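Chemist: pasted the sequence and its predicted model underneath.
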Amino acid sequence: FGSNAAASWGFHYKDLLTEPKPREVVTIYEVDATGERNWARAVYSYRWTPQTDPFGVRHETMDYPGVPVDHATIAKQPGV
């Protein structure tokens, strides 16, 4: 699996197709490790919600790579 972040500091932030624009979105992709496919398939995406890291720091935006995401706080959008 791989991921892409459309964050305020990144290239795709203003390239989203649906409203509200802009917003921070993470997309999770399935990558074919066998090499039979030379493309990745989007499995799901979700809008960033404020997350608290293991040190107690709250991240309102995707301001730091590697912040653990509590999946109970997100709404997955399949195949997007």
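Modeler: Cool, the structure landed.
Chemist: what pLDDT is listed against the most centrally placed residue in the chain?
Modeler: Nearest residue to the geometric centre of the chain (Cα atoms, centre = their mean): residue 26, 1.0 Å. pLDDT, residue 26: 90.
Chemist: what count of nearby residues applies to residue 36?
Modeler: As a burial measure, residue 36 scores 6 neighbours (other Cβ atoms under 10 Å). (Glycine included, C-beta is placed from N, CA and C.)
Chemist: helix or strand: which one has it?
Modeler: Residue 36 is part of no helix or strand when elements are defined by DSSP states H and E.
Chemist: residue 6: how many residues sit nearby?
Modeler: 21.
Chemist: ok, for it, nearest residue in space, not its chain neighbours?
Modeler: residue 12 (4.0 Å; Cβ to Cβ, 6 or more residues apart in numbering).
Chemist: what about that neighbour, neighbour count?
Modeler: 13.
Chemist: same deal with residue 65?
Modeler: 7.
Chemist: with residue 30 instead?
Modeler: Residue 30: 13 surrounding residues under other Cβ under 10 Å.
Chemist: i'd like the first residue to be 64 from this point on
Modeler: Understood, numbering begins at 64; the last thing we discussed is residue 93.
Chemist: give the contact list for it.
Modeler: Contacts for residue 93 (Cβ atoms under 8 Å, 6 or more residues apart in numbering) come out as 64, 103-104, 106.
Chemist: in strands, which of those appear?
Modeler: Judged by DSSP state E, the contacts of residue 93 include 104, 106 as members of strands.
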